[in-house]
Each structure stands twice: as structure tokens, then as C-alpha cells.
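In: Can you look at this prediction? I've put the sequence above it.
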Amino acid sequence: MKTFVRLDFHVERPVFAGTARLVPALDVFNVMNSNTLQALQRTQNAQTANQISAVVAPRVVRFGVRVSW
């Protein structure tokens, strides 16, 4: 199994358009990992023995904009 290292990245920059304030933001979650195994079926007398049951998704990206005036 790999070592699980979590690194998240966030950047935002306010932009003014007239009286409105727009704040676009970019988030990147789990930057350093690539399909890290999180859970494995350990019951050996089951049909699903040694099957992967959970994986941490790598590099999830979220983009959003906050608007205020």
C-alpha cells in the first residue's frame, strides 16, 4: 500500500465590475495522490475477498465564483 499524503490547493482573486465584486476561486484537492487505496475487503472466506472497496479520487478540481454588491 502507498503512503497517503494529502495536499490541497486554493487560489482566489477578487475582481471589481462596477459596483459588483466577483471572486473567482479554484480549488484542487488531493494533488499528490493517484488512486490511493483506502479500503480492501479483508474477509478471506467471502466471494469478494481482496477486492478494493474504496479509492481516494486523485486531483479533484472545483471552480466557483462568489458575487456580492
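Out: Done, it's in.
In: Could you use CA atoms for every contact and neighbour count after this?
Out: Will do.
In: what's stretch 20-32 in contact with?
Out: 5-16, 57-69 (C-alpha atoms under 8 Å, 6 or more residues apart in numbering).
In: hmm, 7 Å instead?
Out: 5-16, 58-69 (C-alpha atoms under 7 Å, 6 or more residues apart in numbering).
In: count of neighbours near residue 63?
Out: Residue 63: 12 surrounding residues under other C-alpha atoms under 10 Å.
In: Just the buried residues from the contacts of stretch 20-32, in ChimeraX please.
Out: Here is the ChimeraX command that selects only those of the contacts of stretch 20-32 that count as buried (16 or more other C-alpha atoms under 10 Å):
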select :58,59
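In: Each with direction, which strands does the lowest-mean-pLDDT helix or strand in the chain pair with?
Out: Sorting the helices and strands of the chain by mean pLDDT, DSSP states H and E puts strand 36-40 at the bottom, at a mean of 75. As defined by DSSP bridges, the strand partners of strand 36-40 come to strand 52-56 (antiparallel).
In: list the helices and strands whichever helix or strand comes after the strand it pairs with packs on?
Out: Sequence-wise, the next helix or strand downstream of strand 52-56 (DSSP states H and E) is strand 60-68. On a contact count with 3 or more C-alpha pairs under 7 Å, 6 or more residues apart in numbering; DSSP states H and E, strand 60-68 meets strand 20-29.
In: buried sites along the strand it packs on?
Out: Those would be 22, 28-29, for strand 20-29 by 16+ other C-alpha under 10 Å.
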